[in-house]
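sequence and predicted structure are below.
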There are 2 protein chains.
Amino acid sequence: MKKRILTGDTPTGKLHLGHFVGTLQNRVKLQDEYETYIILADLHALTTLSKDPYKISQYTLEVAIDNLAVGLNPDKSHIFVESLVPEIYELAAIFSMYVTYGRVMRNPTIKDEITMKELGNTYSLGFINYPIYQAADILCVKANLVPVGKDQVAHLEQTREIARDINRVTNSEIFPIPEVLVGQHGKLPGLDGKAKMSKSLGNAIFLSDSSEEVKKKVMRMYTDPTRIRATDPGHIEGNAVFTYHDVFNPNKDEVADMKQAYEHGKISDVAVKEKLYQVLETFLSPIRERRIKLEKDKGKIREIIIEGSKKAREESQKTLLEVKEKIGLSIV
Amino acid sequence: MKKRILTGDTPTGKLHLGHFVGTLQNRVKLQDEYETYIILADLHALTTLSKDPYKISQYTLEVAIDNLAVGLNPDKSHIFVESLVPEIYELAAIFSMYVTYGRVMRNPTIKDEITMKELGNTYSLGFINYPIYQAADILCVKANLVPVGKDQVAHLEQTREIARDINRVTNSEIFPIPEVLVGQHGKLPGLDGKAKMSKSLGNAIFLSDSSEEVKKKVMRMYTDPTRIRATDPGHIEGNAVFTYHDVFNPNKDEVADMKQAYEHGKISDVAVKEKLYQVLETFLSPIRERRIKLEKDKGKIREIIIEGSKKAREESQKTLLEVKEKIGLSIV
């Protein structure tokens, strides 16, 4: 039997280059080797969109399209919607009995978000339940491998703990202990040079951005603030334009040459940006084309999602029943 | 259409006199007037029994039997098991996005339990999710009235808030705002005179206790620690034996006479306890007899639960679909 991958996205907006680097690339690469499940965690999206919940179904479709546009093949990968697999919520309810509040609050990703968004203790229970739901997302299909962005590694550690705890309390091997796979380039910085490309920080290039949008965004990118003129020696480190070149420019010699020229004040910011724009266009235009084609047939996208959800649900029902029987919850 | 009641029990042990006073009595009294749903919240039981989950299914049956033995009629009341109505967990997941951690921690029942059990922050997420699950238990069948013990009133306030929030965010009247009904005698003190009869404090008379057990427990009851001899004047206030007489002895004149005699040192502790034992026996023996009959046919109990769960599930599916559609979560 093929080993399984579970990964996915919270549909709070369209996907961007950061998602590609963090996880999409790995999904596409591994879909032949693994049985792949891609979750669209629509209910998670409520942590961000609780005031505008009607937006979620639209984003769910968009994110499905993004996944298909980068090369996920629905014949190989099951793309499914969390709320169409209600077993996940029951599984999460069971898991929540085995995770302490103190443990969740030691999760650095949770801590960072609370600090970053200045939440105090106004965060919702849904927000701190997030790692539990994510564990249920992953374990409902008994995934062996989870390709994720770097910021999700702490959550995965929680999933692994839960899998071990449930195995121990049921004295069985219900769950594999899933491995985590982080994208080869780690985190992609934002256009503003900040640590992370993020739609909520407004520093992202989306997979669905038009050629004009990409150009505008690249030309405004953060480079080296100490460099006033093109003839000043420039810095490569912390310079997002070069980080993007490293990731997306397949011509490594060209990148090396540009870096050297930049450090010696022999190439302008505009020139390296122009080059980057071309590189990104080469990368994005086939995705954009597939996207346009896919968008024309939303009925087909819905079908793909319903099929994927049916498959994920079958597996989840089996898993839940097994957990309930082993745990002794079932009275019938 | 009849209005609805939802109430129930967490099957972490058999029911006792405190449950009867707090809620069972009201359940029985109101089952003709209201369409009644009795939930056996088996998954909640995991907050207490996470290390011994296999005990829960046994307790679930016992608690169903307790409910039937006190007079709940399965032709009028739907007795159901939480984990057979998985829509509850999905509903709870949605609700959890609308309740802050800070709000839950202001719940006095949660605060008291954390202090009483010295939990620090080792309580599980399931434990603080409790009021959310309870809201889902109640709202899944759109209950109008919830007969509960006094310690549950704070949770009910949370349920009412959630109902209002979801109505507001969906701009609709999906949920009635459920009213709470506390038993006429409030809380029954424990045999040890402590504020609350509770199985975890070991100070309870169970509905299923044998005549000998009841006698033994009554004779050991806490009375007036300042009274050494039967001729000493005794105190009525805080004297659990008299509180029980007030609640269970239908002969109010006899109770008044005994109180007077007690205060004047004219009746012994033993005599008032003997009397209480007889009163409780009159009360408990028909329950005990029905219990014994019911216990002989566990297949029948299972049938009742399955039927009740089917009915509760139908209603919950309708409710969940309505919430998801109004909230805009559904993509299909």
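Okay, I see it.

could you point out which element follows the helix or strand of chain A with the lowest mean pLDDT?
When the helices and strands of chain A are scored by mean pLDDT, DSSP states H and E, helix A:46-49 comes last with a mean of 83. Per DSSP states H and E, the first helix or strand lying C-terminal to helix A:46-49 is helix A:55-70.

contacts made by that following helix with the rest, please.
Here helix A:55-70 makes contact (Cβ atoms under 8 Å, 6 or more residues apart in numbering or on different chains) with A:9, A:11-15, A:19-20, A:24-25, A:27-28, A:38, A:40, A:42, A:45-46, A:49, A:74, A:77, A:79, A:81, A:207-208, A:287-288, A:290-291, A:294-295, A:298, A:301-302, A:304-305, B:328-331. Quick note: C-beta positions are derived from backbone N, CA and C, even for glycine.

let's see 7 Å
Residues from elsewhere that reach helix A:55-70, judged by Cβ atoms under 7 Å, 6 or more residues apart in numbering or on different chains: A:9, A:11-15, A:20, A:24, A:28, A:38, A:40, A:42, A:45, A:49, A:74, A:79, A:81, A:207-208, A:287, A:290-291, A:294-295, A:298, A:301, A:305, B:328-331.

before we move on, back to that, what about the least confident helix or strand of chain A, distance to the chain center?
16 Å (Cα atoms, centre = their mean, to the nearest Å).

same question for stretch A:14-25.
With Cα atoms, centre = their mean, you get 6 Å for stretch A:14-25.

how long is that stretch from one end to the other?
16 Å (Cα to Cα, to the nearest Å).

check stretch A:223-243 too.
Span of stretch A:223-243 from end to end, Cα to Cα: 10 Å.

distance of the closest residue to residue A:210 other than its chain neighbours from chain B?
With sequence-adjacent residues excluded and distances taken as Cβ to Cβ, 6 or more residues apart in numbering or on different chains, residue A:210 is closest to residue A:288, at 7.7 Å. Relative to chain B, residue A:288 is positioned 23 Å away (criterion: Cβ to the nearest Cβ, to the nearest Å).

got it, and residue A:213?
Residue A:213 is 26 Å from chain B, by Cβ to the nearest Cβ.

what's the domain layout of chain A?
Per the record, chain A has its domains at A:4-189+A:298-327, A:209-291, by automatic domain parsing.

may I see those domains arranged in TSV, with mean neighbour count as well?
Formatted as TSV, the domains of chain A follow (neighbours: other Cβ atoms under 10 Å in any protein chain shown):
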stretch	mean neighbour count
domain A:4-189+A:298-327	20
domain A:209-291	16
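
switch these over to CSV; also include distance to residue B:122.
Below are the domains of chain A laid out as CSV (distance: least, Cβ to Cβ, whole Å):
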stretch, distance to residue B:122
domain A:4-189+A:298-327, 5
domain A:209-291, 42
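
and of those, who's closest to residue B:270?
domain A:4-189+A:298-327 (45.5 Å; Cβ to Cβ).

surely residue A:193 touches residue A:224?
No. Between residue A:193 and residue A:224 there is no contact under Cβ atoms under 7 Å: 9.5 Å.

what's the closest non-adjacent residue to residue A:60?
residue A:11 (4.3 Å).

check contacts around the one you found.
A:40, A:42, A:45, A:56, A:59-60, A:63.

can you do 10 Å?
A:40-42, A:44-45, A:48-49, A:55-64, A:66, A:81-82, B:331 (Cβ atoms under 10 Å, 6 or more residues apart in numbering or on different chains).

now what about stretch A:171-180, what contacts it?
Contacts of stretch A:171-180 (Cβ under 10 Å, 6+ apart): A:3-7, A:135, A:138-140, A:142-148, A:150, A:152-153, A:155-157, A:159-167, A:319, A:322-323, A:325-327.

how close does whichever residue of the stretch 151-300 of chain A sits closest to chain B get to residue A:329?
With Cβ to the nearest Cβ, the shortest gap between the stretch 151-300 of chain A and chain B falls at residue A:169, namely 6.8 Å. The gap separating residue A:169 from residue A:329 is 12 Å, by Cβ to Cβ, to the nearest Å.

list residues touching both of these two?
B:46, B:53-54.

the helices in chain A, which residues?
Using DSSP state H, the helices of chain A run over residues A:17-19, A:25-30, A:46-49, A:55-70, A:87-95, A:101-105, A:108-116, A:125-139, A:153-169, A:211-219, A:240-248, A:252-263, A:269-295, A:298-327.

ok, residues contacting the third one?
Meaning helix A:46-49. In contact with helix A:46-49 (Cβ under 10 Å, 6+ apart) are residues A:10-13, A:41-42, A:52-53, A:55-56, A:59, A:83, A:113, A:117, A:123-130, A:133, A:199-200, B:93-94, B:96-98, B:169, B:327-329.

ok, and which of the contacts of stretch A:171-180 reach chain B?
Here is what survives when the contacts of stretch A:171-180 are matched to chain B using Cβ under 10 Å from any Cβ of the partner chain: A:165, A:326-327.

how far is stretch A:234-245 from where the chain is centred?
23 Å.

and the closest residue to residue A:285 other than its chain neighbours, what does it touch?
Of all residues not flanking residue A:285 in the chain, residue A:211 sits nearest, at 7.5 Å (Cβ to Cβ, 6+ apart). Each residue near residue A:211 by Cβ under 10 Å, 6+ apart is listed here: A:277, A:280-281, A:284-285, A:288.

can you redo those residues as CSV with distance to residue A:270 and pLDDT?
Shown next, in CSV, are the contacts of residue A:211 (distance: Cβ to Cβ, whole Å; pLDDT from 0 to 100):
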residue, distance to residue A:270, pLDDT
A:277, 10, 98
A:280, 15, 98
A:281, 16, 97
A:284, 20, 97
A:285, 22, 97
A:288, 24, 95
